[in-house]
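J.: Need coordinates for the following:
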Amino acid sequence: MITVLHAFLDTPVGVKGFREGSRVWFNAVSSFAFYSMCRINEVLTFKWKDMSLRQYYPSVVAPHEVIEYGAYALFNRKTAVAEERMYSLHHVAKDELAISAYMHLCNWMDYAFERKGHQWRDDDFVFPALNYISKKVFKTNDAATGCEKVCVRWGKNISEQVFITLLICIVRGLNRVGKHAIGYVTKHGTSGWFTSHTFRRAGAQYRFM
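T.: Presented below is the predicted three-dimensional model:
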């Protein structure tokens, strides 16, 4: 499903309805929640000081080659095995790019720095708040997504409910495109919407398939 959502955001309809910042942000959040199997509140309170990207170490198999990776630590987890435990982020196979948290995190960091001129600081939320997501379109058949004016609010973290609203906007847009979209999802009433736990659950199931 995560592949379908990301693919939709790259379509002309997705590009028109969702600003670039919100698309890059969503890809990073969803892939990281999936890859790390984290609850969304653990992802949304994640801070810059607890992550490092573009680290390198020599390959054991081929000593003359280096492996690029990232690392992160999570705190106050409901089911924490060890506080401050470090986890690794690695590249994945080409057919799994939607769940490549490392790639999407690098894309988000580069976008924030290069396109928006944001200087990352230790206490920054990795995934800051998004403003101006509108729910009004949910009760209409409008082509509008409700996310045309979304902008990043640095220094503030986004709530779980606002993230769910963004997710619903994306799924609604995908459903409006209908069978013309790759990975069309049939919506059966409002119960067809996804929740923020979608990605953690999917990530856990994926590993035990």
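
J.: from the chain's centre, how far out does stretch 100-118 sit?
T.: With Cα atoms, centre = their mean, to the nearest Å as the basis, stretch 100-118 stands 12 Å off its chain's centre.

J.: tell me which element residue 155 falls in.
T.: Assigned by DSSP states H and E, residue 155 belongs to strand 151-157.

J.: May I have that strand as CSV, with CA atoms only?
T.: The C-alpha coordinates for strand 151-157 follow below in CSV (Å, rounded to 0.1, in the frame of the first residue of the first chain):
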residue,chain,number,x,y,z
CYS,A,151,3.6,24.7,4.4
VAL,A,152,6.2,23.6,6.9
ARG,A,153,6.2,25.1,10.4
TRP,A,154,9.7,24.7,11.7
GLY,A,155,10.2,24.2,15.4
LYS,A,156,6.8,22.7,16.0
ASN,A,157,5.9,19.0,15.9
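
J.: Just after it, pick out the following helix or strand.
T.: Once strand 151-157 ends, the next helix or strand along the chain (criterion: DSSP H and E) is helix 160-177.

J.: what comes up buried for that next one?
T.: 163-177 (16 or more other Cβ atoms under 10 Å). Where you see a C-beta, it was placed from the backbone N, CA and C, and this is true even at glycine.

J.: what's the weakest-modelled helix or strand in the chain?
T.: Ranking every helix and strand in the chain by mean pLDDT, DSSP states H and E puts helix 198-207 at the bottom, with a mean of 60.

J.: By pLDDT, rank the buried residues of helix 160-177 and give me the bottom one.
T.: Minimum pLDDT across those is recorded for residue 177, with 57.

J.: If we ignore the residues flanking it in sequence, what's nearest the residue most central in space within the chain?
T.: What sits nearest the mean C-alpha location of the chain, by Cα atoms, centre = their mean, is residue 29, with 2.1 Å. Nearest residue to residue 29 in three dimensions, chain neighbours excluded: residue 127, at 5.3 Å (Cβ to Cβ, 6 or more residues apart in numbering).
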